[in-house]
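**Q** Predicted model, plus sequence, below.
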Amino acid sequence: MFTRKRLRIISQVLFLMLFLFLFVQTESKGDDTLGYPVRLFLDFNPLIFITTALATHAREIPAAFFLSLILVLITVFLGRVFCGWICPLGTLNNLAGSLNRRRHDKIRPDLHRAKYYILFMLLASSLFTLQVAGIMDPISLLIRSLSLSIYPLANYGIRGAFDAIYNTEVSGLVAVSEWIYDVLKKSVLSFRQPYFLQAAFIGSIFFAILGLNLIEKRFWCKYLCPLGALLGLLSRYSMIRREVSEGCTSCGICSNVCQGGALSGKAEDWRNSECLACFSCDDICPQNAVSFRLGKNKAASMDLGRRQVVLSLSSGILAVPLIRSTPFTKPDYSEPTLLRPPGALEEKEFLKRCVKCGECMKVCITNGLQPTLIEAGLEGIWSPRLIPRLGYCEYRCTLCGQVCPSGAIRRLHIEEKTRVKIGLAMIDRGRCLPFAHAMPCIVCEEVCPTPRKAIWLEEVSVKNRDGKESKLKQPHVDLNLCIGCGICEAKCPVGDRPAIYVTNIGESRSAVNQLLLN
Amino acid sequence: MDRRQFLRSTAIGSLGFFFAQGFDGLTLSADAAENTDLVVARGAGKSPGAITNAAIEAFGGIRKFVSQGDIVVIKPNIGWDRLPEQAANTNPEVVAALVRLCFEAGAKKVRIFDRSVNDPRRCYKQSGISDAAGSLGAEVIYIDERRFREMSIKGQVLKSWPLYRDVFEADKVINVPIAKHHGLSKLTMAMKNWMGVMGGERGRIHQKIGESLADLGLVIKPTLTVLDAVRILTANGPQGGNLSDVKRMDTVIVGIDEVAIDSFGATLFGMKGSDLSYVKAGAAARMGIMDLEKLKIRKINI
């Protein structure tokens, strides 16, 4: 009787574990490849496929995105099985919902439309080149939340606990705890503690979404999720048909257990676009009156209201000039500290593709890629930016371009990567030790990774305050060779505000933001 | 016999002798090895492992330095995300040969680490060292920040500094630097390799590099130093990247006195020990002998 429920739970657990496994594998082990298809769930995601295709007017769509057509086909035939059986955020909502012990959820018969309006807004915006679907796309949202907040939080807590035991210096205890710590470090913990700007903000949004399950189970899935809405539209003509026999006493138990809110009306009034194919209604029916069969449905009306649809589409369109009328869209303006990862497309094209999933920030080997807040305008929120002081761009690493699902960051071959400029370094002579303080220091030159060093040293004679002359070397940047990787800024001994720093002038991806004649 | 006694006796014993183009090969008597300060083994076209083995053998064999049950720390340069042929890190085959020798001598554990400048995962992997040494059973470990301990140094410049605990807990310590160019100190070899066990903001020591490195010698006293000059990096060091800056020497130099080793190493680049601030500072602090004429250097060709 309960085999279908058990099967569904097994499927959910397996997919969640696969998702988490791929998430944890999104980290370098020293090679320049990861060995696993870590962005698989994004590749299969038709929402970011469609919105990327619309925003870019179908130019240069990553081939992997066509995998999402498989999910489209599954949904067209079988309905929203993705939501009920696969989606890792849906499973987490299920888990959080188990804390909600209320037997009867309040019926909100119309709220399910909200997610369709959200979807229409996102589609309309993206048709007019504004790609913000990633903010609410459940897979992007989940990877972003885990990468930038939940995983760092978990690491911080676990590391803190083991460090505390380590510092007790009770040898037997430490031996055991260090053994366990070592196992964890080799399996689930990150190589080093990740730190992200806005971690608390992004984490709070995630916890709030899980918390909505206390108001109503799967609140997010029923009312807000734009991917659920897209799959709902696709499942209108699905081949799964729910039948209620005459034994039904209209007891209403089925609508209490319905995970998708497909039965919020009368028992026989079933909305297949809301059905998550969990089969709970079939399993629980005391009269055994419910059954699911394969067969053609008569498409139920979506009942979204023409006005509301028009309104949501037009607000999606209106959002474009609203968000874009800022200096960030002026071609000759750019925030100087906005260092995009190597291989990032020209800013406009980049923003049309970036879905803010956070994969690049998760994989960044130095933890230097951080989420923007407003540095790239509102539409660029949570897109990646390199902050060299937190982590420079590793010269021979190309991982960010490998994990980007939408082609916002191109996959670069190592030869190209080592030539792409993300900005240029310049020296603050007022703070640089050999310039301002007549003290030797060559750290920037030492760490400069280009084969012919972009930082070169000039030997000069300097005098100290007693007039004593000495020779030392002062650094200079060869702008032709500098690629803006920022290791000089990261390692500069003038720790608080480095005496050498990178801004994005000269970045290869921009035709405008240039300095040199050639 | 401790290190200082050994140095003193060999220094006295080898006065007046310099640079006999000896080809003693692998059949050195124990006495000959006893009186040698440095062994310079060269084997054009030979494998780095074979050159290393021959050099150690000529210096008296590994058993003279590593005993049954020892915990041995081997400290190569694994500072950079570079490939072996780029000569920015110690040659992995030299490291592997040492690991093998240590285990042959009965070492219980061999630990290898370096506080890399680039990302440690990439450095360990791309240098070839983690694979080469790990497959032989050595523990190739990433630096654990908790294991730096503030150590009293009482030097001219460094009064104290956080240093990596494992170096001091080991029974034997083998320094395995690579010889290469450096923008400030001109060359980096044995003495400068110990920056890799310094915690904190170690970049600051560049302000007084010579004295600082000599100060480190007050507390870090390796059992043996093996200078990898299989490939040397002649420009754009210490990380290079351009193969035209790499010169193949097929040479491994073994000794105990790091000042002597670095002083000899300078000659590979057409310099003298006295051109290097830290060699001069080390000699002045009586850490070792800079004057090559006062050293007994045994050159072997294999």
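**A** All right, it came through fine. Numbering: from 1, shown residues only, chains lettered A, B, ... in the order given.
**Q** Count the residues that sit near residue 171.
**A** Defaulting to chain A. Each residue near residue A:171 was counted by other CB atoms under 10 Å in any protein chain shown, and the total is 8. Using the backbone N, CA and C atoms, a C-beta is placed for each residue, glycine as well.
**Q** try again with chain B
**A** Around residue B:171 there are 15 other residues, counting by other CB under 10 Å.
**Q** Just give me the neighbour total for the closest residue to it other than its chain neighbours.
**A** If the residues on either side of it in the chain are set aside, residue B:171 comes closest to residue B:70, at 4.1 Å by CB to CB, 6 or more residues apart in numbering or on different chains. Around residue B:70 there are 19 other residues, counting by other CB under 10 Å.
**Q** what does residue A:451 give?
**A** Neighbours of residue A:451 using other CB under 10 Å come to 18.
**Q** Please name the residues that touch it.
**A** Contacts for residue A:451 (CB atoms under 8 Å, 6 or more residues apart in numbering or on different chains) come out as B:236, B:240, B:241, B:242, B:245.
**Q** Run a quick check on the second one versus residue B:246, I expect a contact.
**A** Yes. Counting by CB atoms under 8 Å, residue B:240 sits close enough to residue B:246 to count as a contact (6.8 Å).
**Q** Now do the shared contacts for those two.
**A** B:86, B:87, B:233.
**Q** so of those residues, which ones are in strands?
**A** Counting by DSSP state E, those place residue B:233 in strands.
**Q** what mean pLDDT would you report for the helix or strand where residue A:256 lies?
**A** Assigned by DSSP states H and E, residue A:256 falls within helix A:253-257. Per-residue pLDDT values over helix A:253-257 give a mean of 86.
**Q** Which elements pack onto it?
**A** helix A:280-284 (3 or more CB pairs under 8 Å, 6 or more residues apart in numbering or on different chains; DSSP states H and E).
**Q** C-alpha coordinates for the helix it packs on, PDB please?
**A** Output in PDB follows, covering the C-alpha atoms of helix A:280-284 (Å, rounded to 0.1, in the frame of the first residue of the first chain):
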ATOM      1  CA  SER A 280      -0.300  10.700  -0.900                       C
ATOM      2  CA  CYS A 281      -4.100  11.100  -1.600                       C
ATOM      3  CA  ASP A 282      -4.200   7.700  -3.100                       C
ATOM      4  CA  ASP A 283      -2.300   6.100  -0.200                       C
ATOM      5  CA  ILE A 284      -4.400   7.700   2.500                       C
END
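**Q** Now do it: which elements does it pack against?
**A** Where contact means 3+ CB pairs under 8 Å, 6+ apart, helix A:280-284 is packed against helix A:3-24, helix A:253-257, strand A:290-294.
**Q** Format those as a markdown table; extra columns: mean neighbour count and distance to residue A:396.
**A** Below are the helices and strands packed on helix A:280-284 laid out as a markdown table (neighbours: other CB atoms under 10 Å in any protein chain shown; distance: least, CB to CB, whole Å):
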| stretch | mean neighbour count | distance to residue A:396 |
| --- | --- | --- |
| helix A:3-24 | 15 | 23 |
| helix A:253-257 | 19 | 54 |
| strand A:290-294 | 14 | 53 |
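**Q** Reformat the ones you listed as TSV; add distance to residue A:156.
**A** As requested, those are exported to TSV (distance: least, CB to CB, whole Å):
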stretch	distance to residue A:156
helix A:3-24	16
helix A:253-257	38
strand A:290-294	45
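**Q** so where is the chain shaky, pLDDT-wise?
**A** Looking at chain A here, since you left the chain open. Applying pLDDT under 70 to chain A picks out residues A:1-2, A:104-105, A:264-268, A:298-301.
**Q** oops, chain B please
**A** B:1-34.
**Q** what sits against whatever residue of it ends up closest to chain A?
**A** Residue of chain B nearest chain A, by CB to the nearest CB: residue B:125 (2.7 Å). Counting by CB under 8 Å, 6+ apart, residue B:125 touches A:29, A:30, A:31, B:131.
**Q** ok, it to residue B:272 distance?
**A** 37 Å (CB to CB, to the nearest Å).
**Q** element containing residue B:298, please.
**A** Assigned by DSSP H and E, residue B:298 falls in strand B:297-301.
**Q** Then residue A:405?
**A** With DSSP H and E as criterion, residue A:405 is part of no helix or strand.
**Q** residues in contact with the longest helix seen in chain B?
**A** Longest helix in chain B, counting residues (DSSP state H): helix B:92-104. Here helix B:92-104 makes contact (CB under 8 Å, 6+ apart) with B:47-53, B:56, B:62, B:66, B:70, B:72, B:74, B:76, B:84, B:110, B:112, B:127-129, B:131-133, B:136-138, B:172, B:174, B:176, B:226, B:228, B:230, B:252.
**Q** got the end-to-end distance for stretch B:220-238?
**A** Terminal residues of stretch B:220-238 lie 22 Å apart, using CA to CA, to the nearest Å.
**Q** what distance separates it from the middle of the whole chain?
**A** Relative to its chain's centre, stretch B:220-238 lies at 6 Å (CA atoms, centre = their mean, to the nearest Å).
**Q** Indicate whether that stretch makes contact with chain A.
**A** Yes. With CB under 8 Å from any CB of the partner chain as the criterion, chain A is reached by stretch B:220-238 at B:236, B:238.
**Q** buried ones in that stretch?
**A** B:220, B:222-238 (16 or more other CB atoms under 10 Å in any protein chain shown).
**Q** Who are the contact partners of residue 124?
**A** Let's take chain A. Contacts of residue A:124 (CB under 8 Å, 6+ apart): A:312, A:313, A:314, A:315, A:316, A:317.
**Q** The intended chain is chain B.
**A** Contacts for residue B:124 (CB under 8 Å, 6+ apart) come out as A:30, B:78, B:116, B:130, B:140, B:142.
**Q** Which of the residues you listed fall in helices?
**A** With DSSP H as the criterion, helices contain residue B:130 from among the contacts of residue B:124.
**Q** which among the contacts of residue B:124 gets closest to residue A:162?
**A** Of all these, residue B:142 has the smallest distance to residue A:162: 15.4 Å, by CB to CB.
**Q** Just give the number of residues close to the closest one.
**A** 17.
**Q** any idea how far the closest residue in space to it that isn't next to it in sequence is from residue B:184?
**A** Spatial nearest neighbour of residue B:142, chain neighbours left out: residue B:120 (5.1 Å); criterion: CB to CB, 6+ apart. As for residue B:120, its distance to residue B:184 is 23 Å (criterion: CB to CB).
**Q** before we move on, what about residue B:205?
**A** 10 Å.
**Q** ok, now residue A:238?
**A** 70 Å.
**Q** what does chain B have sitting close to chain A?
**A** B:81, B:117-119, B:121-126, B:130, B:142, B:146, B:182-184, B:201, B:203-204, B:206-209, B:236, B:238-242, B:245.
**Q** Return the residues in contact with residue A:195.
**A** A:152, A:367, A:390.
**Q** mind listing the strands for the stretch 151-300 of chain B?
**A** Applying DSSP state E, counting those that start in this stretch to the stretch 151-300 of chain B gives strands spanning B:160-164, B:172-176, B:178-182, B:186-188, B:224-233, B:246-255, B:297-301.
**Q** Format the CA atom coordinates belonging to the first one as CSV.
**A** Extracted C-alpha coordinates of strand B:160-164, given in CSV (Å, rounded to 0.1, in the frame of the first residue of the first chain):
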residue,chain,number,x,y,z
SER,B,160,60.5,35.1,18.3
TRP,B,161,58.3,33.8,15.5
PRO,B,162,55.6,31.2,15.1
LEU,B,163,57.3,28.2,13.6
TYR,B,164,55.8,24.8,12.5
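**Q** What is that strand packed up against?
**A** Here strand B:160-164 touches strand B:148-152, going by 3+ CB pairs under 8 Å, 6+ apart.
**Q** could you check the angle strand B:160-164 makes with the strand it packs on?
**A** Strand B:148-152 runs at 140 degrees relative to strand B:160-164, counting by axes from the mean of the first three to the mean of the last three CA atoms, to 10 degrees.
**Q** one step back: can you pick out the residue with more neighbours from residue A:238 and residue B:184?
**A** residue A:238 (24 against 20).
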